[in-house]
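[1] Predicted model and sequence below, questions to follow.
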Amino acid sequence: MSTSFSTQHESVFRAPARVNLLGEHTDYSGGYVLPIAIPYYTEVKIADGDSRHYLFRSHQFAGVAEGGWKDLQERRHAWSDYPVGVLHELVKLGISPPPFVIDVSGNVPLGAGLSSSASIEVASCLAILHRSGKTMTDAEIALLCQRAENIFVQSPCGIMDQFVVTAAKEGHALLLQTRDLTYDLVPVTSGALAELRIVACNSLVKHSIAAGDYGSRRKGVETGQQVLRERFPGLRDLGDAALEQLEQCADQMPEDAYKRCRHVISENGRVMAAREALLAGDAKRFGELMLDSHVSQRDDFECSCEEIDFLVETAMTLQGCVGARLTGGGFGGCTVNLVRKEDVDTFTASIKDAYQQRFDIQPEVYVCDAVDGAVKLAAKERA
Ligand code: GLA
(Lines give C-alpha, C1' and ligand atoms only; values in the text may rest on other atoms or scores of the structure.)
Protein backbone atom coordinates (compact mmCIF):
# COMPACT_ATOMS: atom_id res chain seq x y z
CA MET A 1 0.00 0.00 0.00
CA SER A 2 1.39 3.37 -0.95
CA THR A 3 1.15 6.15 1.61
CA SER A 4 3.65 8.49 0.04
CA PHE A 5 1.14 11.08 -1.11
CA SER A 6 2.07 14.70 -1.01
CA THR A 7 -0.41 17.00 0.73
CA GLN A 8 -0.24 20.32 -1.04
CA HIS A 9 -3.49 22.26 -1.41
CA GLU A 10 -5.62 20.85 1.36
CA SER A 11 -9.28 21.72 1.70
CA VAL A 12 -11.82 20.60 4.25
CA PHE A 13 -15.54 20.03 3.74
CA ARG A 14 -18.08 19.28 6.40
CA ALA A 15 -21.56 17.75 6.17
CA PRO A 16 -24.04 17.31 9.03
CA ALA A 17 -26.29 14.40 10.04
CA ARG A 18 -30.07 14.76 10.06
CA VAL A 19 -33.17 14.02 12.09
CA ASN A 20 -36.49 13.81 10.30
CA LEU A 21 -39.24 15.56 12.26
CA LEU A 22 -42.08 14.18 10.14
CA GLY A 23 -42.72 12.57 6.74
CA GLU A 24 -41.30 9.06 6.85
CA HIS A 25 -41.05 6.75 3.85
CA THR A 26 -42.70 9.37 1.68
CA ASP A 27 -39.59 10.34 -0.29
CA TYR A 28 -39.67 7.67 -2.99
CA SER A 29 -43.27 8.19 -4.07
CA GLY A 30 -43.38 11.94 -4.64
CA GLY A 31 -44.37 12.90 -1.08
CA TYR A 32 -43.30 15.39 1.56
CA VAL A 33 -40.61 15.26 4.25
CA LEU A 34 -39.69 17.65 7.07
CA PRO A 35 -36.13 17.01 8.29
CA ILE A 36 -33.56 19.19 10.04
CA ALA A 37 -29.76 18.93 9.89
CA ILE A 38 -28.17 18.31 13.31
CA PRO A 39 -24.72 19.19 14.67
CA TYR A 40 -23.00 15.84 14.21
CA TYR A 41 -20.60 15.96 11.30
CA THR A 42 -18.49 14.16 8.76
CA GLU A 43 -15.35 16.02 7.75
CA VAL A 44 -13.63 15.25 4.49
CA LYS A 45 -10.16 16.61 3.90
CA ILE A 46 -8.94 16.46 0.32
CA ALA A 47 -5.35 16.95 -0.80
CA ASP A 48 -3.39 16.46 -4.00
CA GLY A 49 -2.50 12.83 -4.67
CA ASP A 50 0.37 11.15 -6.48
CA SER A 51 0.53 10.28 -10.17
CA ARG A 52 -2.79 8.78 -11.26
CA HIS A 53 -3.91 7.54 -7.85
CA TYR A 54 -6.91 8.09 -5.66
CA LEU A 55 -6.72 7.27 -1.97
CA PHE A 56 -9.70 7.10 0.39
CA ARG A 57 -8.74 6.66 4.04
CA SER A 58 -10.25 7.42 7.42
CA HIS A 59 -9.45 8.00 11.07
CA GLN A 60 -12.88 6.69 11.89
CA PHE A 61 -13.21 3.54 9.78
CA ALA A 62 -10.85 0.67 9.11
CA GLY A 63 -9.50 -0.02 5.63
CA VAL A 64 -8.57 2.11 2.65
CA ALA A 65 -9.56 2.14 -1.00
CA GLU A 66 -6.84 3.20 -3.38
CA GLY A 67 -5.54 2.97 -6.89
CA GLY A 68 -6.21 4.29 -10.35
CA TRP A 69 -9.70 4.46 -11.79
CA LYS A 70 -9.47 0.83 -12.96
CA ASP A 71 -8.77 -0.34 -9.40
CA LEU A 72 -11.89 1.30 -8.00
CA GLN A 73 -14.54 -0.47 -10.06
CA GLU A 74 -15.67 -3.04 -7.52
CA ARG A 75 -17.75 -2.52 -4.40
CA ARG A 76 -15.78 -3.52 -1.28
CA HIS A 77 -18.70 -3.68 1.17
CA ALA A 78 -16.86 -1.08 3.24
CA TRP A 79 -17.28 2.56 4.26
CA SER A 80 -15.24 3.60 1.22
CA ASP A 81 -18.08 2.46 -1.08
CA TYR A 82 -19.86 5.74 -0.28
CA PRO A 83 -17.17 8.17 -1.49
CA VAL A 84 -16.06 5.81 -4.27
CA GLY A 85 -19.70 5.63 -5.41
CA VAL A 86 -19.74 9.42 -5.53
CA LEU A 87 -16.58 9.39 -7.66
CA HIS A 88 -18.29 6.94 -10.03
CA GLU A 89 -21.25 9.25 -10.50
CA LEU A 90 -18.98 12.25 -11.09
CA VAL A 91 -16.99 10.32 -13.71
CA LYS A 92 -20.27 9.39 -15.46
CA LEU A 93 -20.88 13.14 -15.85
CA GLY A 94 -17.53 13.52 -17.60
CA ILE A 95 -15.72 14.91 -14.56
CA SER A 96 -12.35 13.21 -14.09
CA PRO A 97 -10.70 14.61 -10.97
CA PRO A 98 -6.92 14.92 -10.70
CA PRO A 99 -5.31 12.47 -8.24
CA PHE A 100 -6.35 13.05 -4.64
CA VAL A 101 -6.11 11.82 -1.07
CA ILE A 102 -9.35 11.90 0.90
CA ASP A 103 -9.36 11.66 4.70
CA VAL A 104 -12.72 11.03 6.34
CA SER A 105 -13.42 11.65 10.01
CA GLY A 106 -16.43 12.59 12.08
CA ASN A 107 -18.77 11.99 14.96
CA VAL A 108 -22.05 10.98 13.33
CA PRO A 109 -23.45 7.95 15.20
CA LEU A 110 -23.35 5.02 12.78
CA GLY A 111 -26.32 2.80 11.97
CA ALA A 112 -28.52 5.08 14.08
CA GLY A 113 -30.82 6.28 11.31
CA LEU A 114 -29.23 9.75 11.41
CA SER A 115 -27.85 9.60 7.85
CA SER A 116 -24.19 8.91 8.40
CA SER A 117 -24.09 7.66 4.78
CA ALA A 118 -25.52 10.81 3.24
CA SER A 119 -23.19 12.87 5.38
CA ILE A 120 -20.12 11.03 4.01
CA GLU A 121 -21.44 11.17 0.45
CA VAL A 122 -22.20 14.87 0.42
CA ALA A 123 -18.95 15.95 2.12
CA SER A 124 -17.01 13.75 -0.33
CA CYS A 125 -18.93 15.11 -3.29
CA LEU A 126 -18.14 18.71 -2.35
CA ALA A 127 -14.49 17.80 -1.83
CA ILE A 128 -14.09 15.99 -5.16
CA LEU A 129 -15.97 18.71 -7.04
CA HIS A 130 -13.61 21.25 -5.51
CA ARG A 131 -10.57 19.19 -6.53
CA SER A 132 -12.00 19.04 -10.05
CA GLY A 133 -12.63 22.78 -10.24
CA LYS A 134 -16.37 22.16 -10.76
CA THR A 135 -19.55 23.28 -9.04
CA MET A 136 -23.08 21.89 -8.96
CA THR A 137 -26.38 23.07 -7.49
CA ASP A 138 -27.62 21.66 -4.17
CA ALA A 139 -30.25 19.57 -5.97
CA GLU A 140 -27.67 18.18 -8.42
CA ILE A 141 -25.35 17.24 -5.54
CA ALA A 142 -28.17 15.57 -3.59
CA LEU A 143 -29.36 13.60 -6.64
CA LEU A 144 -25.82 12.55 -7.51
CA CYS A 145 -25.21 11.28 -3.97
CA GLN A 146 -28.53 9.42 -3.99
CA ARG A 147 -27.51 7.73 -7.27
CA ALA A 148 -24.14 6.80 -5.71
CA GLU A 149 -25.99 5.08 -2.89
CA ASN A 150 -28.64 3.44 -5.11
CA ILE A 151 -26.24 2.21 -7.80
CA PHE A 152 -22.78 1.62 -6.30
CA VAL A 153 -23.71 0.86 -2.69
CA GLN A 154 -26.96 -0.79 -3.84
CA SER A 155 -29.05 0.70 -1.11
CA PRO A 156 -32.52 1.76 -2.36
CA CYS A 157 -32.86 5.03 -0.37
CA GLY A 158 -34.95 8.04 -1.33
CA ILE A 159 -33.76 11.65 -1.71
CA MET A 160 -34.51 13.12 1.74
CA ASP A 161 -31.18 12.54 3.48
CA GLN A 162 -28.85 13.74 0.75
CA PHE A 163 -31.04 16.77 0.13
CA VAL A 164 -31.29 18.02 3.70
CA VAL A 165 -27.62 17.30 4.41
CA THR A 166 -26.81 19.54 1.42
CA ALA A 167 -29.40 22.31 1.68
CA ALA A 168 -30.47 22.67 5.34
CA LYS A 169 -30.57 26.07 7.05
CA GLU A 170 -29.88 26.82 10.69
CA GLY A 171 -33.02 27.23 12.79
CA HIS A 172 -35.25 25.72 10.09
CA ALA A 173 -36.81 22.47 9.03
CA LEU A 174 -36.67 21.78 5.31
CA LEU A 175 -40.09 20.96 3.89
CA LEU A 176 -39.20 19.13 0.69
CA GLN A 177 -41.54 18.08 -2.09
CA THR A 178 -39.65 14.99 -3.21
CA ARG A 179 -41.17 14.80 -6.70
CA ASP A 180 -39.86 18.11 -7.99
CA LEU A 181 -37.39 18.99 -5.19
CA THR A 182 -38.99 22.34 -4.46
CA TYR A 183 -38.70 23.26 -0.82
CA ASP A 184 -39.68 25.65 1.88
CA LEU A 185 -37.60 26.51 4.95
CA VAL A 186 -39.87 26.56 7.99
CA PRO A 187 -38.63 28.04 11.29
CA VAL A 188 -38.63 25.53 14.16
CA THR A 189 -38.70 28.02 17.02
CA SER A 190 -41.90 30.02 16.51
CA GLY A 191 -44.27 30.62 19.43
CA ALA A 192 -44.40 27.83 22.01
CA LEU A 193 -41.80 25.87 20.03
CA ALA A 194 -39.13 28.29 21.29
CA GLU A 195 -39.50 26.59 24.69
CA LEU A 196 -38.73 23.13 23.29
CA ARG A 197 -35.68 21.13 22.28
CA ILE A 198 -35.46 18.39 19.71
CA VAL A 199 -34.04 15.27 21.38
CA ALA A 200 -33.04 12.08 19.57
CA CYS A 201 -32.81 8.78 21.50
CA ASN A 202 -30.68 6.05 19.94
CA SER A 203 -32.05 2.56 20.66
CA LEU A 204 -28.71 1.16 19.49
CA VAL A 205 -30.67 -1.38 17.45
CA LYS A 206 -28.82 -1.15 14.15
CA HIS A 207 -30.39 -1.61 10.78
CA SER A 208 -29.07 -1.15 7.28
CA ILE A 209 -31.22 0.09 4.39
CA ALA A 210 -29.46 -2.44 2.20
CA ALA A 211 -30.67 -5.29 4.46
CA GLY A 212 -34.01 -5.95 2.74
CA ASP A 213 -36.87 -4.69 4.95
CA TYR A 214 -36.58 -1.17 3.56
CA GLY A 215 -36.66 -2.57 0.01
CA SER A 216 -39.69 -4.77 0.71
CA ARG A 217 -41.62 -1.83 2.21
CA ARG A 218 -40.67 0.23 -0.81
CA LYS A 219 -41.98 -2.49 -3.13
CA GLY A 220 -45.30 -2.46 -1.28
CA VAL A 221 -45.56 1.30 -1.80
CA GLU A 222 -44.76 0.95 -5.50
CA THR A 223 -47.26 -1.88 -6.02
CA GLY A 224 -50.07 0.12 -4.44
CA GLN A 225 -49.06 3.29 -6.27
CA GLN A 226 -49.23 1.46 -9.60
CA VAL A 227 -52.78 0.26 -8.89
CA LEU A 228 -53.81 3.81 -8.00
CA ARG A 229 -52.26 5.22 -11.16
CA GLU A 230 -54.11 2.74 -13.34
CA ARG A 231 -57.38 3.57 -11.65
CA PHE A 232 -56.81 7.35 -11.65
CA PRO A 233 -54.81 8.18 -14.80
CA GLY A 234 -54.11 11.81 -13.80
CA LEU A 235 -52.36 10.76 -10.63
CA ARG A 236 -48.56 11.07 -10.80
CA ASP A 237 -47.62 9.37 -7.54
CA LEU A 238 -48.72 9.03 -3.92
CA GLY A 239 -47.82 12.70 -3.39
CA ASP A 240 -51.06 13.46 -5.34
CA ALA A 241 -53.22 10.73 -3.84
CA ALA A 242 -56.06 11.02 -1.33
CA LEU A 243 -57.10 8.36 1.19
CA GLU A 244 -60.55 8.17 -0.49
CA GLN A 245 -58.86 7.15 -3.74
CA LEU A 246 -56.90 4.45 -1.91
CA GLU A 247 -60.13 3.14 -0.36
CA GLN A 248 -61.67 2.82 -3.81
CA CYS A 249 -58.78 0.56 -4.91
CA ALA A 250 -58.33 -1.33 -1.64
CA ASP A 251 -59.60 -4.66 -2.98
CA GLN A 252 -57.37 -4.46 -6.05
CA MET A 253 -54.06 -4.62 -4.19
CA PRO A 254 -52.48 -6.92 -1.62
CA GLU A 255 -53.24 -6.05 2.01
CA ASP A 256 -49.65 -5.07 2.77
CA ALA A 257 -49.46 -2.70 -0.23
CA TYR A 258 -52.70 -1.10 0.95
CA LYS A 259 -51.30 -0.57 4.44
CA ARG A 260 -48.01 0.86 3.17
CA CYS A 261 -49.89 3.31 0.96
CA ARG A 262 -52.27 4.26 3.77
CA HIS A 263 -49.24 5.19 5.87
CA VAL A 264 -47.66 7.22 3.07
CA ILE A 265 -50.80 9.12 2.06
CA SER A 266 -51.77 9.90 5.66
CA GLU A 267 -48.16 10.87 6.43
CA ASN A 268 -48.14 13.38 3.57
CA GLY A 269 -51.22 14.96 5.13
CA ARG A 270 -49.47 15.09 8.51
CA VAL A 271 -46.45 16.87 7.01
CA MET A 272 -48.67 19.59 5.55
CA ALA A 273 -50.46 19.96 8.89
CA ALA A 274 -47.10 20.04 10.67
CA ARG A 275 -46.00 22.95 8.50
CA GLU A 276 -49.02 24.93 9.73
CA ALA A 277 -48.30 23.93 13.32
CA LEU A 278 -44.67 25.05 13.03
CA LEU A 279 -45.66 28.37 11.49
CA ALA A 280 -48.29 28.91 14.17
CA GLY A 281 -45.85 27.88 16.92
CA ASP A 282 -48.39 25.25 17.98
CA ALA A 283 -46.24 22.73 19.87
CA LYS A 284 -49.18 20.68 21.09
CA ARG A 285 -50.50 20.09 17.59
CA PHE A 286 -47.02 19.26 16.29
CA GLY A 287 -46.60 16.71 19.09
CA GLU A 288 -49.94 15.06 18.25
CA LEU A 289 -48.92 14.74 14.62
CA MET A 290 -45.66 13.07 15.68
CA LEU A 291 -47.53 10.51 17.73
CA ASP A 292 -50.01 9.81 14.92
CA SER A 293 -47.05 9.33 12.62
CA HIS A 294 -45.52 6.84 15.01
CA VAL A 295 -48.71 4.80 15.23
CA SER A 296 -48.98 4.77 11.46
CA GLN A 297 -45.36 3.64 11.08
CA ARG A 298 -45.86 0.97 13.71
CA ASP A 299 -49.19 -0.42 12.50
CA ASP A 300 -49.42 0.37 8.78
CA PHE A 301 -45.84 0.63 7.59
CA GLU A 302 -44.68 -1.94 10.13
CA CYS A 303 -41.19 -0.48 10.36
CA SER A 304 -40.91 -0.04 14.13
CA CYS A 305 -39.63 -2.56 16.67
CA GLU A 306 -40.12 -3.35 20.34
CA GLU A 307 -37.24 -1.16 21.53
CA ILE A 308 -38.39 1.87 19.56
CA ASP A 309 -42.02 1.48 20.65
CA PHE A 310 -40.79 1.31 24.23
CA LEU A 311 -38.79 4.54 23.81
CA VAL A 312 -41.81 6.35 22.33
CA GLU A 313 -44.26 5.07 24.93
CA THR A 314 -41.88 5.86 27.79
CA ALA A 315 -41.11 9.34 26.42
CA MET A 316 -44.79 10.21 26.39
CA THR A 317 -45.09 9.44 30.11
CA LEU A 318 -42.24 11.83 30.98
CA GLN A 319 -42.73 15.38 32.08
CA GLY A 320 -42.23 17.99 29.36
CA CYS A 321 -42.38 15.63 26.37
CA VAL A 322 -44.98 16.85 23.87
CA GLY A 323 -44.30 14.43 21.00
CA ALA A 324 -42.26 11.35 20.11
CA ARG A 325 -41.88 9.06 17.12
CA LEU A 326 -39.57 6.74 15.24
CA THR A 327 -37.35 8.75 12.88
CA GLY A 328 -35.47 7.60 9.77
CA GLY A 329 -35.59 4.31 7.91
CA GLY A 330 -36.83 2.31 10.91
CA PHE A 331 -36.47 -1.22 12.30
CA GLY A 332 -34.26 0.31 15.02
CA GLY A 333 -32.24 3.51 15.05
CA CYS A 334 -33.57 6.61 16.79
CA THR A 335 -36.71 8.23 18.09
CA VAL A 336 -37.17 11.98 17.85
CA ASN A 337 -38.81 13.76 20.76
CA LEU A 338 -39.98 17.29 21.46
CA VAL A 339 -39.16 18.15 25.04
CA ARG A 340 -39.58 21.33 27.08
CA LYS A 341 -36.17 22.93 27.66
CA GLU A 342 -36.34 22.87 31.43
CA ASP A 343 -37.22 19.16 31.42
CA VAL A 344 -34.50 17.95 29.02
CA ASP A 345 -32.08 16.83 31.75
CA THR A 346 -34.64 14.80 33.71
CA PHE A 347 -36.10 13.46 30.45
CA THR A 348 -32.65 12.25 29.39
CA ALA A 349 -31.87 10.62 32.72
CA SER A 350 -35.30 8.96 32.99
CA ILE A 351 -35.39 7.56 29.48
CA LYS A 352 -31.85 6.17 29.85
CA ASP A 353 -32.79 4.51 33.14
CA ALA A 354 -36.01 3.02 31.85
CA TYR A 355 -34.37 1.63 28.69
CA GLN A 356 -31.43 0.26 30.64
CA GLN A 357 -33.79 -1.52 33.02
CA ARG A 358 -35.95 -2.96 30.27
CA PHE A 359 -33.30 -4.00 27.70
CA ASP A 360 -30.04 -3.84 29.62
CA ILE A 361 -28.68 -1.36 27.08
CA GLN A 362 -27.67 2.24 27.78
CA PRO A 363 -29.24 4.29 24.96
CA GLU A 364 -27.54 7.41 23.64
CA VAL A 365 -29.40 10.70 23.78
CA TYR A 366 -28.61 13.66 21.51
CA VAL A 367 -30.04 17.10 22.18
CA CYS A 368 -30.18 18.73 18.75
CA ASP A 369 -30.32 22.16 17.18
CA ALA A 370 -31.23 22.70 13.54
CA VAL A 371 -27.98 23.62 11.76
CA ASP A 372 -26.80 24.50 8.25
CA GLY A 373 -26.15 21.93 5.54
CA ALA A 374 -22.74 21.04 4.11
CA VAL A 375 -20.03 23.70 3.81
CA LYS A 376 -16.42 24.21 2.87
CA LEU A 377 -14.50 24.79 6.09
CA ALA A 378 -11.01 25.77 5.15
CA ALA A 379 -8.63 26.00 2.26
CA LYS A 380 -4.92 25.72 2.98
CA GLU A 381 -2.29 26.41 0.35
CA ARG A 382 1.03 24.79 1.19
CA ALA A 383 4.23 25.50 -0.69
C1 GLA B 1 -33.89 6.39 5.07
C2 GLA B 1 -33.72 6.75 3.61
C3 GLA B 1 -34.56 7.96 3.25
C4 GLA B 1 -36.00 7.80 3.71
C5 GLA B 1 -36.07 7.34 5.16
C6 GLA B 1 -37.46 7.02 5.59
O7 GLA B 1 -33.34 7.39 5.87
O8 GLA B 1 -32.37 7.02 3.31
O9 GLA B 1 -34.48 8.20 1.87
O10 GLA B 1 -36.71 6.94 2.85
O11 GLA B 1 -35.26 6.19 5.37
O12 GLA B 1 -38.24 8.17 5.61
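    Looks like it came in fine. Residues are numbered from 1 along each chain as shown.

[2] His25 belongs to a helix, doesn't it?
    No: assessed with DSSP: H, G, I helix; E, B strand; the rest coil, His25 is coil; it does not lie in a helix.

[3] List the contacts of it.
    Contact analysis of His25 by CB atoms under 8 Å, 6 or more residues apart in numbering lists Gly158, Arg217, Arg218, Val221, Arg260, His263, Val264, Glu267, Gln297, Phe301, Cys303, Gly330. Every C-beta, even on glycine, is put in place using the N, C-alpha and C of the backbone.

[4] Go through the helix or strand encompassing Glu276 and flag the buried ones.
    Glu276 belongs to helix 255-280 when elements are defined using DSSP states H and E. Buried positions in helix 255-280, judged by neighbour count with 16 or more other CB atoms under 10 Å: 256-268, 270-271, 273-275, 277-278.

[5] Wait, Glu267 touches Asp27, no?
    No: if you go by CB atoms under 8 Å, Glu267 and Asp27 don't touch, sitting 10.4 Å apart.

[6] ok, the nearest residue to Phe301 once chain neighbours are set aside - contacts?
    Distance criterion CB to CB, 6 or more residues apart in numbering; nearest residue to Phe301, sequence neighbours excluded, is His263 at 4.1 Å. By CB under 8 Å, 6+ apart, the residues touching His263 are His25, Ser296, Gln297, Asp300, Phe301.

[7] Out of these, grab the one that's most surrounded.
    His25 (27 neighbours; other CB atoms under 10 Å).

[8] any idea how far that one is from the ligand?
    5 Å (CB to the nearest ligand atom, to the nearest Å).

[9] Now do the same for the longest strand along the chain: mean pLDDT, whole number.
    Using DSSP state E, we find that the single longest strand of the chain is strand 35-48. Mean pLDDT, computed over strand 35-48, is 97.

[10] buried ones in that strand?
    35-38, 40-48.

[11] just stretch 101-113 next, same as before
    Val101, Ile102, Asp103, Val104, Gly106, Val108, Pro109, Ala112, Gly113.

[12] So what would you say the end-to-end distance of stretch 144-158 is?
    12 Å (CA to CA, to the nearest Å).

[13] Run through who's touching that stretch.
    Counting by CB under 8 Å, 6+ apart, residues outside stretch 144-158 touching it are 25, 27-28, 75, 81-82, 84-86, 88-90, 93, 117-118, 121-122, 125, 136, 159, 162, 166, 178, 208-210, 214-215, 218, 329.

[14] The residue nearest to the spatial centre of the chain and Val221: what is the separation?
    With distances taken as CA atoms, centre = their mean, Asp161 lies nearest the centre of the chain, 3.2 Å away. From Asp161 across to Val221, the span is 17 Å (CB to CB, to the nearest Å).

[15] Up against the ligand, what does the stretch 1-150 of the chain have?
    Asn20, Glu24, His25, Asp27 (CB under 6 Å from any ligand atom).

[16] Make a ChimeraX selection of whichever of those turn out to be buried.
    The buried residues among those can be selected in ChimeraX (16+ other CB under 10 Å) with this line:
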select :20,24,25,27
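
[17] just the residues of the stretch 1-150 of the chain next to the ligand now: which is nearest Ala241?
    His25 (14.3 Å; CB to CB).

[18] So what does that closest one look like in phi/psi?
    His25 has phi and psi values of phi 60, psi 30 when expressed as degrees, to the nearest 10.

[19] what's the burial count for Pro98?
    Pro98, neighbours per other CB under 10 Å, totals 11.

[20] meant to ask about Thr189, not that
    15.

[21] which is the next helix or strand following the helix or strand that Val101 is a member of?
    According to DSSP H and E, Val101 maps onto strand 100-106. Following strand 100-106 in sequence order, the next helix or strand is helix 116-132 (DSSP H and E).

[22] For that next one, buried residues please.
    Result for helix 116-132 [16+ other CB under 10 Å]: buried residues 116-131.

[23] all strands of the protein, in order?
    10-20, 32-33, 35-48, 54-58, 65-67, 100-106, 172-177, 183-187, 196-202, 321-327, 334-340, 364-368, 375-380.

[24] Show me what the closest residue in space to Ala112 that isn't next to it in sequence is bridged to.
    Leaving aside its chain neighbours, Ala112 sits nearest to Asn202 (4.8 Å; criterion: CB to CB, 6+ apart). Residues in a beta bridge with Asn202, per DSSP bridges, are Cys334, Glu364.

[25] how about Asn202, what does it touch?
    Pro109, Ala112, Gly333, Cys334, Pro363, Glu364, Val365, Tyr366.

[26] go on, Glu121?
    Tyr82, Pro83, Gly85, Val86, Cys145, Ala148, Glu149, Gln162.

[27] Would you mind giving me the confidence score for the last one?
    Pointing back at Gln162 there. pLDDT, Gln162: 98.

[28] can you put the contacts of Glu121 in TSV and add neighbour count?
    Formatted as TSV, the contacts of Glu121 follow (neighbours: other CB atoms under 10 Å):
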residue	neighbour count
Tyr82	28
Pro83	26
Gly85	28
Val86	29
Cys145	33
Ala148	29
Glu149	26
Gln162	31
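
[29] Farthest-apart pair in these, please.
    Using CB to CB, these span at most 13.4 Å, a distance reached by Pro83 and Gln162.

[30] returning to what we had before: the ligand: which of the contacts of Asn202 is nearest?
    Gly333 (8.5 Å; CB to the nearest ligand atom).

[31] Touching, the closest one and Pro109? I think so.
    No: here Gly333 does not reach Pro109: they are 9.3 Å apart, not a contact under CB under 8 Å.

[32] Check the average confidence over stretch 363-383, would you?
    Rounded mean pLDDT across stretch 363-383 is 84.

[33] And the residue of the stretch 251-383 of the chain at minimum distance from the ligand, how far from Ala123?
    Closest residue of the stretch 251-383 of the chain to the ligand, CB to the nearest ligand atom: Gly329 (3.3 Å). Taking CB to CB as the measure, Gly329 falls 20 Å from Ala123.
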